[in-house]
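Trainee: how does the following fold in three dimensions:
(chains A and B)
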Protein chains: 2
Amino acid sequence: MVRAMKIGILVVGDELTRGMIADANASFMARAFQEEGWEVSFVVLSGDGGEDIATALHFLLLRSRAVVVTGGLGPTADDRTTESLARALGRGCYLDKEVLRWIRERFAFMGFPWTENNAKQAVFPEGAEPVENPVGTAWGYVLEEAGKIVAVLPGVPSEVKRLFPEGILPRLRRWFSGTGEGPPRRTVKMFGLSESRIDETLSGVDFSSLGVSLGFYPRFPENHLVLTARHTERAVAEEHLARAVERVRECLGKYIFAYDEETLEGMVAALLTERKKTLAVAESCTGGLVADRLTDVPGSSAWFERGLVVYSNASKEELLRVPPSVLREYGAVSGETARIMAEGVRSLAGTDLGLSTTGIAGPAGGTDLKPVGTVFIAVAGDKGTVCREFRFRWGRRRVKEISAQWALEMMRRYLTGG
Amino acid sequence: MVRAMKIGILVVGDELTRGMIADANASFMARAFQEEGWEVSFVVLSGDGGEDIATALHFLLLRSRAVVVTGGLGPTADDRTTESLARALGRGCYLDKEVLRWIRERFAFMGFPWTENNAKQAVFPEGAEPVENPVGTAWGYVLEEAGKIVAVLPGVPSEVKRLFPEGILPRLRRWFSGTGEGPPRRTVKMFGLSESRIDETLSGVDFSSLGVSLGFYPRFPENHLVLTARHTERAVAEEHLARAVERVRECLGKYIFAYDEETLEGMVAALLTERKKTLAVAESCTGGLVADRLTDVPGSSAWFERGLVVYSNASKEELLRVPPSVLREYGAVSGETARIMAEGVRSLAGTDLGLSTTGIAGPAGGTDLKPVGTVFIAVAGDKGTVCREFRFRWGRRRVKEISAQWALEMMRRYLTGG
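Mentor: Model (predicted):
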């Protein structure tokens, strides 16, 4: 039953089986395993009860070469993961004095009052190797059990985001591959094509002869494509990866807006910063979402001058000098209005660039000629004004989201000449 | 091992075990079960492979009185849930002609081309009762197996959100409780107190004598408290629930902003609509997020006049008439500036109410006197101007989120006189 490189994931916590919160750790770790070329056997979510943890652990160990456990490592009485695992594996526990000293120092450093129950976080099953937590007080650990490996982490997602790639994944790699390094990989972020169209467009490319595998990660309204290269020699893998990415760029370059950790708003920010350009935004149907995304970028005050959410016709006239005759003749939702909005906010804010959106997000307000989902987006700058019309389906929130995405993408293309 | 009312959840899909997307169905259904007074034994995420589905089903059936399965009911080759379940339970399959006709009609109605593989969605295990899908073409079904119940739904979250409460939950209720109705419940939505403070404040209230149980659902930055009343007579349960909600209101009324499906922005919208008041917003540190949330409410154009994202000092001076001397003397991040922003946007937009935010979202820009996380929020209206200063911890995005929440909450309190 058990093939090589199968990993089970056990997520512990009553808050999960009671539906109080949704688990975020399993998909985060499963994606990392996938990118390593390993397979997840099963993910099991269990309550905090000791018997349940043991049952789930045995189920997963039987069907996997390694099991990664998150949750239940805190100081309180309902944190029972360590004692339950130790009992399930027929082991005792030990107190690690080094770790205890480290935890006490961390508490002192952060100015938190020390309570004795925190000593529990320095207790590990016999034979376990503690793994330092760079962002919290609960350490993780790994142990070997009958030729398999069990790795344990706390359940706080922000701690998993650090402890897992920094402390656990390198140990699993050494275990599975004899090296602490993962295969080289690249994430290509695209927008404007469906997953099936991307798949179709790439169907002619022979990635497997390069030893490169593809993973699709839809993140509405974006599509993320992860390329992973495998070869016994890292330099060769890296070269194959570069060639594969080049192929994707040849086929889909127009739809690629960023790589790896970059975001669309971050790309727009980088382009504006590099070119020393400033931007002002006038939004109708997106209702502030474009400004919200742009101002998520640290330091955006250097290039983001202002944003106007011009919901009323009066505000369009007063703040952007859209002539009442244009609103009457073409309507607030029109290419004419979008252009004047982008040009108006640019000239009144005195910025290099102006960006505008106007449309019908729904559910009401649609007509036969301009149904719900009709959106106009315009960019104004020294190369003139560009305007596009869109017809989106979906509900109000998604129309706002995809309109904001297109607004940022049109700005990116304007800046790059794309 | 198996106690009454234990339910297992099986979520099927390679996209989950590969970490392509995070599962949203398990926590949605687990919360519903919790509110019914039932317990989730385990949640298992399995790939699309037939053997894996069978393994997970047997694991859950052994430890539960019912198992709910989502995913793998589509028309394509990797949708193997039905055939795998049937084989695992030693049953054949049948084609339901009524369901087939219904699916064909649905395709014709939606103008989708019919392909023969869609007939697969009318195939069910022997003995299964099909359950109509109100929003898709894949029907669900329920079947009895050795005194237990297995319920199956497609995996698309928007379909689960309808088919589960409308088609599956009533059947589970009849199975478990002999009635299609769930216990009466109420969600109390709070903001401004931590979960532990809410818990502490309510510790003196005897909910159990009323047969009312509490569930906490943290939804940053909100806290949702679900009260569920159980009694053999529904009228009594409803009366007990009302009394328990009244107790919560007495203890925590100030922090309650909404009930059940209501949202904070929806409450502000309802208050404005009811009182025929209009609103304009001037945002600095929230960068458009307040406007974005307000314009998520359908019909917001009736009362949302405009929003200004005044990131530069020039825009604060030009659009809001904040005097340069105030910016010089007190700074852009100050109570003085926040007040003038709220009053300025109100008077210039000609609205009944003005709302403003200004602060340091970070990571840069903090000083000793005004560290990162310092935020001023003001409301201006015919009752005068109210301004509050906040010091938030957390990173840039969360500072924006909690500031936007406080801005909406201050507006709500201003309107209700709270």
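Trainee: excluding chain neighbours, what is closest to A:D292?
Mentor: B:G288 (4.0 Å; Cβ to Cβ, 6 or more residues apart in numbering or on different chains). For every residue, glycine as well, the C-beta is placed using N, CA and C.
Trainee: again, but for A:I103
Mentor: A:T137 is the one closest to A:I103 (Cβ to Cβ, 6+ apart), at 5.2 Å.
Trainee: quick one: contacts of stretch A:376-390?
Mentor: Applying Cβ atoms under 8 Å, 6 or more residues apart in numbering or on different chains, the set of residues contacting stretch A:376-390 from outside is A:333-335, A:337-339, A:341-343, A:345-346, A:352-359, A:373-375, A:403, A:406-407, A:410-411, A:414.
Trainee: just the CA atoms of the lengthiest helix in chain A, as PDB, please.
Mentor: Longest helix in chain A by number of residues, with DSSP state H as the criterion: helix A:396-416. In PDB, the C-alpha atoms belonging to helix A:396-416 read as follows (Å, rounded to 0.1, in the frame of the first residue of the first chain):
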ATOM      1  CA  ARG A 396     -21.500  42.000  -6.800                       C
ATOM      2  CA  ARG A 397     -18.400  41.200  -4.800                       C
ATOM      3  CA  ARG A 398     -16.700  39.200  -7.600                       C
ATOM      4  CA  VAL A 399     -17.500  41.900 -10.200                       C
ATOM      5  CA  LYS A 400     -15.800  44.400  -7.900                       C
ATOM      6  CA  GLU A 401     -12.800  42.000  -7.500                       C
ATOM      7  CA  ILE A 402     -12.300  41.300 -11.200                       C
ATOM      8  CA  SER A 403     -12.800  44.900 -12.100                       C
ATOM      9  CA  ALA A 404     -10.100  46.000  -9.600                       C
ATOM     10  CA  GLN A 405      -7.800  43.300 -11.000                       C
ATOM     11  CA  TRP A 406      -8.300  44.500 -14.600                       C
ATOM     12  CA  ALA A 407      -7.800  48.100 -13.500                       C
ATOM     13  CA  LEU A 408      -4.400  47.200 -11.900                       C
ATOM     14  CA  GLU A 409      -3.500  45.000 -14.900                       C
ATOM     15  CA  MET A 410      -4.400  47.800 -17.400                       C
ATOM     16  CA  MET A 411      -2.100  50.100 -15.400                       C
ATOM     17  CA  ARG A 412       0.700  47.600 -15.400                       C
ATOM     18  CA  ARG A 413       0.400  47.100 -19.200                       C
ATOM     19  CA  TYR A 414       0.300  50.800 -19.800                       C
ATOM     20  CA  LEU A 415       3.500  51.200 -17.800                       C
ATOM     21  CA  THR A 416       5.300  48.300 -19.500                       C
END
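Trainee: for it, packing partners?
Mentor: helix A:264-274, strand A:279-283, helix A:289-294, strand A:353-359, strand A:374-381, strand A:384-391 (3 or more Cβ pairs under 8 Å, 6 or more residues apart in numbering or on different chains; DSSP states H and E).
Trainee: could I get the buried residue list for the helix or strand containing A:L169?
Mentor: For A:L169, the host element (DSSP states H and E) is helix A:169-177. Going by neighbour count (16 or more other Cβ atoms under 10 Å in any protein chain shown), the buried part of helix A:169-177 is A:L169, A:R171, A:L172, A:R173, A:F176.
Trainee: dump these to CSV, plus distance to B:E222 and pLDDT.
Mentor: Conversion of the buried residues of helix A:169-177 to CSV gives the following (distance: Cβ to Cβ, whole Å; pLDDT from 0 to 100):
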residue, distance to B:E222, pLDDT
A:L169, 34, 95
A:R171, 38, 95
A:L172, 37, 95
A:R173, 40, 93
A:F176, 42, 85
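Trainee: what is the nearest of the residues you listed to A:P298?
Mentor: A:L169 (27.2 Å; Cβ to Cβ).
Trainee: could you measure from the closest one over to A:H224?
Mentor: 20 Å (Cβ to Cβ, to the nearest Å).
Trainee: hmm, back to that, run through who's touching the helix holding A:L169.
Mentor: A:5, A:7, A:32, A:36, A:38, A:65-66, A:68, A:131, A:142, A:149, A:151, A:179-182.
Trainee: who wins for most neighbours among those?
Mentor: A:V68 (31 neighbours; other Cβ atoms under 10 Å in any protein chain shown).
Trainee: sorry, back to before: closest to chain B among the buried residues of helix A:169-177?
Mentor: Set against chain B, the nearest of the buried residues of helix A:169-177 by Cβ to the nearest Cβ is A:L169 (13.2 Å).
Trainee: residues touching A:H240, list them.
Mentor: Applying Cβ under 8 Å, 6+ apart, the residues near A:H240 are A:L210, A:G211, A:V212, A:A229, A:H231.
Trainee: that older thread, you'd agree the residue nearest to A:I103 is in a helix?
Mentor: No: assessed with DSSP: H, G, I helix; E, B strand; the rest coil, A:T137 is coil; it does not lie in a helix.
Trainee: per-residue pLDDT, it?
Mentor: pLDDT for A:T137: 88.
Trainee: would you mind finding the most buried of the helices and strands packed on helix A:396-416?
Mentor: Highest mean neighbour count of those: strand A:279-283, a mean of 31 (counted as mean count of other Cβ atoms under 10 Å in any protein chain shown).
Trainee: that one pairs with which strands?
Mentor: For strand A:279-283, sheet partners with direction are given as strand A:304-310 (parallel), strand A:353-359 (parallel), following DSSP bridges.
Trainee: ok, and what's touching it?
Mentor: A:268, A:272, A:289-291, A:294, A:303-310, A:319-320, A:341-342, A:344-346, A:348-349, A:351-357, A:407, A:411, B:288, B:309.
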